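# sequence and predicted structure, then a few things I'm wondering about:
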Amino acid sequence: MTGTARPGGHHIVLVTGFGPFGKHLDNPSGDLARRLDGATVAGATVVGRIFETSTDTIGANLAGALDELAPDLLICLGIAPGRPALSLERIAINVRDFPLPDHSGVTVADEPVVTGGPDGVFSRLPLASILRRWRKDDVPCHVSNTAGTYLCNQLFYLACRQGRDRGIPAGFIHIPDTPRSAAVAEPGREPGATMSLDVMVAALLSAIEVCLEERGDQVALTAGAVA
Ligand code: PCA
């Protein structure tokens, strides 16, 4: 594993979630980060943080948490309402094009995340190994080729770049609604796909374990999609 080994070999895993946005007053990605905070996985300590869903603060919040904690692994989480499975995001793109205002009321149309940055950056998490573990554990999951153009893509893009600069694995996982968050966002509506927070907590703990065990072996990612 790369990263900053502390005295005694103690490692830190940073897991981030988001606060509310739009009609998603109850964002399960924040709940998941909170639930994982303080967990121990393979001797590493998980620190959960919740970021405001605001385009102007997200970069500083990420950089601040990375400077403070110097983690060995960074996994960012956000909700993708309606998706039926955990989405291992493959690529972040250098676009902010918001379908709705952020939580501070800011809307951005067709602007880059980082001016002059590369068009796209790949996840630095061992996606194939996580996918294999989740399939073995019967966790609904897939590799997604788009994280959208909203705050999650913005954070994912920044996380990949920061991860590369700091020499640590970093990436993004979109999660489904929970039964409760779906009911809060769409009161009175038939719920779409949901997944319980307990299932997601267990899945994230095993994904973290896989990331920490990964020796950097190249495992082919067989998760192609027809457009
Ligand atoms: N999901 C949104 C932003 C915050 C969140 O949890 C997204 O997919 O961009």
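Cool, got the structure. All figures in this text were calculated on a predicted structure; none of them were measured in a lab. Residues are numbered from 1 along each chain as shown.
# the helix or strand bottoming out on mean pLDDT in the chain packs against which elements?
Least confident element among the helices and strands of the chain, by mean pLDDT, DSSP states H and E: helix 179-185 (a mean of 90). Helices and strands touching helix 179-185, by 3 or more CB pairs under 8 Å, 6 or more residues apart in numbering; DSSP states H and E: there are none. For glycine as for every other residue, the C-beta is placed from the backbone atoms N, C-alpha and C.
# following that helix, which helix or strand shows up next?
The C-terminal neighbour of helix 179-185 among helices and strands, as given by DSSP states H and E, is helix 197-213.
# just checking, what packs against that next one?
Partner elements for helix 197-213 (3+ CB pairs under 8 Å, 6+ apart): strand 12-18, helix 28-36, strand 40-41, strand 44-51, strand 73-79, helix 127-136, strand 170-175.
# any idea of the mean pLDDT in that helix?
Mean pLDDT, computed over helix 197-213, is 97.
# could you export that helix as CSV, CA atoms only?
Taking Å, rounded to 0.1, in the frame of the first residue of the first chain, the C-alpha atoms of helix 197-213 are listed here in CSV:
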residue,chain,number,x,y,z
LEU,A,197,-27.8,1.3,5.0
ASP,A,198,-26.7,-1.9,6.8
VAL,A,199,-26.0,-3.7,3.5
MET,A,200,-24.1,-0.6,2.4
VAL,A,201,-22.1,-0.4,5.6
ALA,A,202,-21.0,-4.1,5.2
ALA,A,203,-20.2,-3.5,1.5
LEU,A,204,-18.1,-0.5,2.2
LEU,A,205,-16.2,-2.3,5.0
SER,A,206,-15.3,-5.1,2.6
ALA,A,207,-14.4,-2.6,-0.2
ILE,A,208,-12.0,-0.9,2.2
GLU,A,209,-10.5,-4.2,3.1
VAL,A,210,-9.9,-5.0,-0.6
CYS,A,211,-8.3,-1.6,-1.2
LEU,A,212,-6.0,-2.1,1.8
GLU,A,213,-5.0,-5.6,0.7
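# show residues contacting it.
1, 11, 13, 15, 28, 31-32, 35-36, 39, 41-42, 44, 46, 72-73, 75, 77, 86, 125-126, 129-130, 133-134, 137, 139, 141, 169, 173, 175, 178 (CB atoms under 8 Å, 6 or more residues apart in numbering).
# buried residues in stretch 145-163, which are they?
Judged by neighbour count using 16 or more other CB atoms under 10 Å, the buried positions of stretch 145-163 are 147-163.
# ok, and does that stretch reach over to the ligand?
Yes. Residues of stretch 145-163 are located near the ligand by CB under 6 Å from any ligand atom, namely 148, 150-152.
# about what we covered before: from the contacts of helix 197-213, list just the buried residues.
Buried, going by 16+ other CB under 10 Å: 1, 11, 13, 15, 28, 31-32, 35-36, 39, 41, 44, 46, 72-73, 75, 77, 86, 125-126, 129-130, 133-134, 139, 141, 169, 173, 175, 178, out of the contacts of helix 197-213.
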